[in-house]
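[1] just need the structure, nothing else, for what follows:
(chains A and B)
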Amino acid sequence: KNEVEQSPQNLTAQEGEFITINCSYSVGISALHWLQQHPGGGIVSLFMLSSGKKKHGRLIATINIQEKHSSLHITASHPRDSAVYICAGGGGADGLTFGKGTHLIIQP
Amino acid sequence: SAVISQKPSRDICQRGTSLTIQCQVDSQVTMMFWYRQQPGQSLTLIATANQGSEATYESGFVIDKFPISRPNLTFSTLTVSNMSPEDSSIYLCSVAGTITGEQFFGPGTRLTVL
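    Model (predicted):
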């Protein structure tokens, strides 16, 4: 069964800093998902990756299939980016296996 | 994209009772997923629900405790049976986009068992 590990577990940074969250997984997956969860529980899909790199606004996600590693980057971070960021592997018919999440706080 | 609604959004229940959570999707989907998020934890897959067949449960979850119905391609229910305080969690349903595979989540049902 796939295991998904995230780091760091908690991250506090100042507004404007460049943020990196890392994710490693143990077995081959069909796709790697980055999700954002705000207080109150709502979950939003940020990226789904099977190779390479994707960018959306200030968010960038990369994946290295050979190393079974993905990173989520936030450029010019802002307090509204404060949330829990979760990576998850799998999808399709198998559902997702989730990492424990990274609690990100951006201070003004 | 898919828009998912869940009912109830939250509930407080007594030990030993059961609660049925409804999940409605605005488009037809083959597979629906039910997840649990215990306090301070990440999400765990409970089961996968396909229309017209029995749900497939993950290790540690059984049909007697979490019966699931999937009567059509836009709706599913999850029942939490004979509840105990350990069942206090957020329960979320999810679907995968048929073309992109992107995951869409309902807003969740926050359950507290006293």
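[2] what's the helix-or-strand element of chain B with minimal mean pLDDT packed up against?
    Within chain B, no helix or strand scores below strand B:103-105, which has a mean of 90 by mean pLDDT, DSSP states H and E. When contacts are defined as 3 or more Cβ pairs under 8 Å, 6 or more residues apart in numbering or on different chains; DSSP states H and E, strand B:103-105 sits against strand A:32-37, strand A:43-49, strand B:89-96. (Each C-beta comes from the backbone N, C-alpha and C, glycine too.)
[3] what parts of chain B come near chain A?
    Within chain B, the positions near chain A by Cβ under 8 Å from any Cβ of the partner chain are B:31, B:33, B:35, B:37, B:41-45, B:48, B:58, B:90, B:92, B:94, B:96, B:100-105, B:107-108, B:110.
[4] may I see the ChimeraX selection of the buried members of those residues?
    The ChimeraX selection below is limited to those of these classed as buried (16 or more other Cβ atoms under 10 Å in any protein chain shown):
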select /B:31,33,35,37,42,43,44,45,48,58,90,92,94,96,102,103,104,105,107,108,110
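[5] in contact with the nearest residue to residue B:36 once chain neighbours are set aside, which residues?
    Excluding the flanking residues, the one nearest residue B:36 by Cβ to Cβ, 6 or more residues apart in numbering or on different chains is residue B:89, at 4.8 Å. Contacts here follow Cβ atoms under 8 Å, 6 or more residues apart in numbering or on different chains; on that basis residue B:89 touches B:36, B:37, B:38, B:39, B:111.
[6] gap between residue B:89 and residue A:67?
    34 Å (Cβ to Cβ, to the nearest Å).
[7] now swap in residue B:42 and tell me
    22 Å.
[8] which stretches of chain A have low pLDDT?
    Residues of chain A that meet the criterion pLDDT under 70 lie in A:1-2, A:91-92.
[9] who in it is up against chain B?
    A:30-31, A:33, A:35, A:41-45, A:48, A:86, A:88, A:91-101.
[10] buried ones in stretch B:58-78?
    B:58, B:61, B:65-68, B:70, B:73-78.
[11] possible to save those as JSON lines with secondary structure, pLDDT and distance to residue A:59?
    Formatted as JSON lines, the buried residues of stretch B:58-78 follow (DSSP: H, G, I helix; E, B strand; the rest coil; pLDDT from 0 to 100; distance: Cβ to Cβ, whole Å):
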{"residue": "B:58", "secondary structure": "coil", "pLDDT": "92", "distance to residue A:59": "30"}
{"residue": "B:61", "secondary structure": "coil", "pLDDT": "95", "distance to residue A:59": "33"}
{"residue": "B:65", "secondary structure": "coil", "pLDDT": "97", "distance to residue A:59": "38"}
{"residue": "B:66", "secondary structure": "coil", "pLDDT": "97", "distance to residue A:59": "34"}
{"residue": "B:67", "secondary structure": "coil", "pLDDT": "96", "distance to residue A:59": "39"}
{"residue": "B:68", "secondary structure": "strand", "pLDDT": "96", "distance to residue A:59": "34"}
{"residue": "B:70", "secondary structure": "strand", "pLDDT": "93", "distance to residue A:59": "34"}
{"residue": "B:73", "secondary structure": "coil", "pLDDT": "92", "distance to residue A:59": "32"}
{"residue": "B:74", "secondary structure": "coil", "pLDDT": "94", "distance to residue A:59": "31"}
{"residue": "B:75", "secondary structure": "strand", "pLDDT": "95", "distance to residue A:59": "33"}
{"residue": "B:76", "secondary structure": "strand", "pLDDT": "96", "distance to residue A:59": "31"}
{"residue": "B:77", "secondary structure": "strand", "pLDDT": "96", "distance to residue A:59": "35"}
{"residue": "B:78", "secondary structure": "strand", "pLDDT": "97", "distance to residue A:59": "32"}
